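Chemist: model this:
(one chain, ligands or ions: 1)
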Amino acid sequence: MSQNNKQVTYDDNNIFAKMLSGDIPYHKVYEDDKTLAFMDIMPQAEGHVLVIPKQKAVDLADLEPEYAAAVLMTCKKVMQAQRQVFEREGIIQMQLNGTQAGQTVFHYHVHLIPSSIHELGRHAVTQVENDQLADMAEKLATAIES
Ligand code: AMP
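Modeler: A predicted model of the protein is given here:
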């Protein structure tokens with residue numbers, strides 16, 4: 001690869017890897033054997049969720065087919081729950097590959113954001129209170145279970 005499209009090497013100490021290993025807390029929305037979904041702490045809209053594979057993938061280039069399929073099916077569950085909980089149709093599915101695109105955490109993840117492309121808030125800027133995130137995570141988890 002040339003210098004301009006050089007990829008970051010997977011770091012076992014990245015923040016999402018630490019969530020998967022149980023070393024740091026998060027507000028869980030859904031989990032299965034291949035994926036984990038949790039609340040984004042600096043949401044671009046109310047109810048912003050991240051879905052990650054349980055695979056060491058920096059970005060889309062690394063993602064194995066079975067994990068790609070599993071992530072997409074988890075995204076579908078989360079998106080349907082967001083529609084129900086936030087009583088809106090519009091959910092943005094977003095995923096950044098590489099620093100140049102604005103990626104800040106180098107463990108592949110999909111953003112699911114109850115918003116519109118015309119109203120989307122700024123990326124990873126404003127942190128939300130834990131109790132608000134816990135409340136939304138519980139509502140989304142309940143909607144997925146039902
Ligand atoms: P990206 O820039 O696409 O890599 O997105 C990384 C996302 O992770 C941003 O939306 C951040 O707000 C979010 N984020 C960073 N740290 C945490 C954390 N500890 N818990 C939940 N979300 C996080």
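
Chemist: For the chain, which residues are neighbours of the ligand?
Modeler: I15, Y26, D40, I41, M42, L50, L96, G102, Q103, T104, V105, A124 (C-beta under 6 Å from any ligand atom). For glycine as for every other residue, the C-beta is placed from the backbone atoms N, C-alpha and C.

Chemist: Spatially, which residue comes closest to the fourth one, not counting chain neighbours?
Modeler: What sits nearest to I41 in space, not counting adjacent residues and going by C-beta to C-beta, 6 or more residues apart in numbering, is Q127, at 5.5 Å.

Chemist: element containing that neighbour, please.
Modeler: Following DSSP states H and E, there is no helix or strand that holds Q127.

Chemist: which of the residues of the chain next to the ligand tops the neighbour count?
Modeler: Neighbour counts for those, by other C-beta atoms under 10 Å, peak at L50, which reaches 24 neighbours.

Chemist: Only the buried residues of the host helix or strand of it, if you could.
Modeler: Per DSSP H and E, L50 falls inside strand 49-53. Along strand 49-53, these residues count as buried under the neighbour rule (16 or more other C-beta atoms under 10 Å): V49, L50, V51, I52, P53.

Chemist: M19: which of the residues you listed is nearest?
Modeler: I52 (7.9 Å; C-beta to C-beta).

Chemist: need the contact list for the residue nearest to that closest one when sequence neighbours are not counted.
Modeler: In this structure, I52 finds its nearest non-sequential neighbour in H109, 4.7 Å apart by C-beta to C-beta, 6+ apart. Residues near H109 by C-beta atoms under 8 Å, 6 or more residues apart in numbering: F16, L50, V51, I52, Q95.

Chemist: Of the residues of the chain next to the ligand, which pair is most distant in space?
Modeler: Y26 and G102 (21.3 Å).

Chemist: residues contacting the most centrally placed residue in the chain?
Modeler: When C-alpha atoms, centre = their mean is applied to the chain, the residue found nearest the centroid is L50 (1.4 Å). With contacts defined as C-beta under 8 Å, 6+ apart, the neighbours of L50 are F16, A37, F38, M39, D40, H109, V110, H111, L112.

Chemist: Before I go, just wanted to say thanks for your time.
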